[in-house]
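1. Provide a 3D model corresponding to the input given below.
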Amino acid sequence: MIKPLITLTEAFKRFPGIGQKQAERFAFYILKSSEPDMENLISAIEDAKRRIKACPICCSYSEKTPCEICSDDKRDKHIICIVENYTDLLAIEKTGKYNGLYHVLMGVLSPLDGVHQDNLNIKNLIKRLDGIKEILIATNPTVEGDATAIYLSQILKSRELKITRIAKGIPSGGNIEYADEITLVNALDGRKEI
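-> Numbers count the residues shown, from 1 in each chain. Now for the predicted structure:
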């Protein structure tokens, strides 16, 4: 294969969930695309990278500071839903069932991958607890997500908070971002204290 094509393929393989074959398909698509299409793609990437930032309060992505959710007066300011990443937040928002605040951890505990509590957005969460009555832990039902939920519940137990976890409406090993809205509604409705 030609060196620039190898470099492009390797760049696509760094995307989550993209293997060798899919990366090659993307690379060949780029080669076949018109110059204006490539300029639009490059412009969209640069624009998104320049304009979208992490909210300093919840670590969600937004164009404004604080984000739309943190600055919305109609949201319930007494509950925080903790999610692993922004795509999980979007999936829960699509249900229309949850009206509280969020906190994005930017990952989960995974010692084998070198991800420890200091690598997650936990210190900012602790700073936000004044006036909070409930913490809803909505990490994925994976080994790492469950370990993170247990860790969070342990460090938050000493506070006067109701700590809940989303119900297991989502299959074990599944991801929130891929769940349908009905499953997410059932998971939110069936949350229980941990």
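
2. Which stretches in this protein count as strands?
-> With DSSP state E, the ranges of strands along the chain come out as 53-54, 61-62, 76-83, 100-104, 134-138, 162-165, 192-193.

3. As JSON lines, those with distance to I92, mean neighbour count and mean pLDDT would be great.
-> Placement of C-beta: from N, CA and C, glycine included. Shown next, in JSON lines, are those (distance: least, C-beta to C-beta, whole Å; neighbours: other C-beta atoms under 10 Å; pLDDT from 0 to 100):
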{"stretch": "strand 53-54", "distance to I92": "18", "mean neighbour count": "15", "mean pLDDT": "96"}
{"stretch": "strand 61-62", "distance to I92": "15", "mean neighbour count": "18", "mean pLDDT": "96"}
{"stretch": "strand 76-83", "distance to I92": "7", "mean neighbour count": "20", "mean pLDDT": "97"}
{"stretch": "strand 100-104", "distance to I92": "8", "mean neighbour count": "23", "mean pLDDT": "98"}
{"stretch": "strand 134-138", "distance to I92": "7", "mean neighbour count": "23", "mean pLDDT": "97"}
{"stretch": "strand 162-165", "distance to I92": "14", "mean neighbour count": "19", "mean pLDDT": "94"}
{"stretch": "strand 192-193", "distance to I92": "17", "mean neighbour count": "10", "mean pLDDT": "78"}
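
4. I'd like the ones you listed written out as CSV, with distance to A149 added.
-> Shown next, in CSV, are the strands of the chain (distance: least, C-beta to C-beta, whole Å):
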stretch, distance to A149
strand 53-54, 22
strand 61-62, 23
strand 76-83, 8
strand 100-104, 13
strand 134-138, 5
strand 162-165, 6
strand 192-193, 12
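
5. Distance-wise, check the nearest residue to R51 once chain neighbours are set aside relative to Q20.
-> Once flanking residues are discounted, R51 sits nearest to E63: 5.4 Å by C-beta to C-beta, 6 or more residues apart in numbering. Taking C-beta to C-beta, to the nearest Å as the measure, E63 falls 35 Å from Q20.

6. how's this protein carved up into domains?
-> If you go by automatic domain parsing, the domain ranges for the chain are 3-51, 61-193.

7. pLDDT score assigned to M1?
-> M1 is assigned a pLDDT of 66 by the prediction.

8. quick one: the residue nearest to R51 and R50 touch, right?
-> No - if you go by C-beta atoms under 8 Å, E63 and R50 don't touch, sitting 10.2 Å apart.

9. low-scoring pLDDT stretches of the protein, where are they?
-> Applying pLDDT under 70 to the chain flags residues 1.

10. residues touching the residue positioned nearest the centre of it, list them.
-> The structure's the chain has its C-alpha centroid closest to N85; by C-alpha atoms, centre = their mean the separation is 1.2 Å. By C-beta atoms under 8 Å, 6 or more residues apart in numbering, the contact list for N85 reads V104, L105, M106, G107, E177.
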